[in-house]
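What follows is a predicted structure for the sequence shown.
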Amino acid sequence: MAARPPTSSAPAGAADGTASEKQPVREAPKLNPLQILGQLFDTNPNWIATDSLEGYPFAHSSTGTLYIADPPTVEEWMPQEWQLGTVTHWPDTISKLLGAEALAVTRDADKHGALRKVFGVMLQDGEVERMLPGIQATVERYMAEWAKKGRVRFYEEALTMVFDVLINQAMQLGWSDEDIKKYAGIFETWNQGFTVVAGPLPWSRFNRGMRARKELIARLRQSLADPALIPGSMPAKLRDAYGADSDVCTDNLIMVVFAGFETTCSLVTGLLWHLSRNPDALQKLRTEQGQVAPAGAPLTLGALGAMRYTQGALGEVLRLSQIVSGVPRLATKPLDLPRAPAIPSGCPLSVSWGGMSLRDPAVKGEETVFRPERWLEPANAASLAEYQHPFGYGQHNCVGQRVARTIASAVARELALKYGLEADAEDSFDSFPTGGRPRNGLPVTLKPLAPAQEREP
């Protein structure tokens, strides 16, 4: 869960200059075919980008992609990327897993705008407030069950909890516990299919993911046809606009679960991983939670806003793990961005959120250090806001980000107020397109605190 350390320092003046001054561009060394194949199968895309950039604001990768880690360019380009002439450019395998009609895949600007209106509600205070009681109750129930089990592999257990919140709180589908457990496993099989290369064998990760996708579609269509579907819910809005059998509905219901699934599982797993290795941080979190959200009190928007240290801890986890590696795009016409190199039509390009994060002056010399206090220091506020965008930016930012942060905040609160933490937080991680995960699944034991410990601030 630690950030990949920078392989070299940024070139002198790379982060300086005026808004219109061209910035340095690194030309990454060419790789031979075996090295490129190794990247496709074994390497986290975030690392490919950051290794190509090596601290520069721009880099041409060995395969011709232009990586961008320059905040002014991101701020100019991404809010108007449709108008400037760029479209989504996912590998074919990922497009097939998500579906051609999915919000993150479609190249139809009007359809994208309409879908953002449906799912953008997840970013609003009112929708978060509606979900809060259900999120709190779900987190409390699952964490109590984990404590009773003793030693559990946290990442695997978190999958079911997060899936439950997304299906029954965010989408309001009312699935049974049996269905939640069954389809959380199916969804994880689909999630594991995210590879750049499909592989010819029927049991390859991609092909198993595509079979899981068919099962998910069948179950979601059953819910869309249910007369008890809650009017005004996101699934009901999609059904009413496109029809219960439309690929737009199922592609985007899978998409919205994906927007909150891997991001949230990686975030809460990373939080426990770092807290187990930083007991001082865990104690500070306990102190804060005892002050702003005491045991037995309902979790509110006000309490979430008052959890400044907790949010700082989540900010560090997101910064260090970079759950969303980038945003693959294709230029449909030449782009002339003031600080960027010339971008010809047909050029693949992507923002590297990890590469941009490593260039942040607020983390200089501490790129791999977990220190939540940095998010509380006024001197860092502007820099962190400029360089840290773990959920993306502009018209394609992650619609599930507030749900992810809310679930993680609820987990942090429950842990701080009720449980001692023991974890086997080893340093070995699986590479994965949407964030590293401990190879051992993070075995943890949650031990209920004694009443006196619960009352301590």
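In hand now; what should we look at? Keep in mind it's a predicted model, so treat the numbers as computed, not measured.

Please make it C-alpha for all contacts and neighbour counts, starting now.
Fine.

what about the helices in the stretch 301-450 of the chain?
Along the stretch 301-450 of the chain, the stretches classed as helices by DSSP state H, counting those that start in this stretch are 301-306, 308-321, 353-358, 381-387, 401-418.

my guess is Arg213 meets Gln192, correct?
No. Contact criterion C-alpha atoms under 8 Å: Arg213 and Gln192 do not qualify, at 11.3 Å.

more neighbours, the two?
Arg213 (24 against 16; other C-alpha atoms under 10 Å).

Against Lys181, how distant is that one?
Look at Arg213 and Lys181: by C-alpha to C-alpha, to the nearest Å, they are 16 Å apart.

got a list of what Leu216 touches?
Remark: with contacts taken as C-alpha atoms under 8 Å, 6 or more residues apart in numbering, Leu216 is in contact with Tyr183, Ile186, Phe187, Ile254.

Name the next helix or strand downstream of the host helix or strand of the third one, please.
Phe187 is located in helix 177-191, with elements delineated by DSSP states H and E. Using DSSP H and E, the helix or strand that follows helix 177-191 in sequence is helix 205-224.

Okay, buried residues for that next one please.
Taking 16 or more other C-alpha atoms under 10 Å as the basis for neighbour counts, the residues of helix 205-224 that come out buried are 205-213, 216-217, 220-221, 223-224.

and the closest residue in space to Ile407 that isn't next to it in sequence, helix, strand or coil?
Among residues not flanking Ile407 along the chain, Ile135 sits closest, at 6.6 Å (C-alpha to C-alpha, 6 or more residues apart in numbering). Under DSSP: H, G, I helix; E, B strand; the rest coil, Ile135 falls in the helix class.

neighbours of Ile135, just the number please.
Ile135 is surrounded by 27 other residues when neighbours are defined as other C-alpha under 10 Å.

Kindly report the same for Ser52.
By the criterion of other C-alpha under 10 Å, Ser52 has 24 neighbours.

what helix or strand is it on?
Assigned by DSSP H and E, Ser52 falls within helix 45-53.

So which elements touch that helix?
strand 25-27, strand 58-60, strand 66-68, strand 348-352, helix 353-358 (3 or more C-alpha pairs under 8 Å, 6 or more residues apart in numbering; DSSP states H and E).

pLDDT on the longest one, on average?
If I follow you right, that is helix 353-358. The pLDDT scores in helix 353-358 average 94.

Determine how far the last residue of stretch 225-233 lies from the first.
End-to-end span of stretch 225-233 (C-alpha to C-alpha): 14 Å.

cool, stretch 360-371 as well?
14 Å.

Any buried residues in it, and which?
Those would be Asp360, Ala362, Val363, Glu367, Thr368, Phe370, Arg371, for stretch 360-371 by 16+ other C-alpha under 10 Å.

follow-up on the earlier one: out of the contacts of Leu216, which is most surrounded?
The member of the contacts of Leu216 surrounded by the most neighbours (other C-alpha under 10 Å) is Phe187, with 23 neighbours in all.

Which pLDDT value belongs to that one?
Predicted confidence (pLDDT) at Phe187: the value is 95.

State the distance from it to Leu97.
Relative to Leu97, and taking C-alpha to C-alpha, Phe187 is found at 11 Å.

quick one: common contacting residues for the two?
In terms of C-alpha under 8 Å, 6+ apart, Phe187 and Leu97 are both contacted by the residues Arg213.

what's the helix or strand for the residue nearest the centre of the chain?
With the centre of the chain defined as its mean C-alpha position, the nearest residue by C-alpha atoms, centre = their mean is Thr263, 3.2 Å away. Using DSSP H and E, Thr263 sits within helix 247-277.

Which residue, other than its chain neighbours, is closest to Ala170?
Nearest-residue entry for Ala170: Met131, 6.8 Å, with adjacent residues in sequence omitted and distances by C-alpha to C-alpha, 6+ apart.

doesn't that neighbour fall inside a strand?
No. With three-state DSSP as the criterion, Met131 is located in helix rather than a strand.

Thought Asn168 was touching it, still the case?
No. Taking C-alpha under 8 Å as the definition, Met131 is not a contact partner of Asn168, at 9.5 Å.

Switch the contacts of Leu216 over to JSON lines, and while doing so, append distance to His112 to every line.
Shown next, in JSON lines, are the contacts of Leu216 (distance: C-alpha to C-alpha, whole Å):
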{"residue": "Tyr183", "distance to His112": "27"}
{"residue": "Ile186", "distance to His112": "27"}
{"residue": "Phe187", "distance to His112": "24"}
{"residue": "Ile254", "distance to His112": "15"}
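
Between those, which sits nearest Ser383?
Proximity to Ser383 was ranked across the contacts of Leu216 by C-alpha to C-alpha; first place goes to Ile254, at 34.6 Å.

Done for today, thanks.
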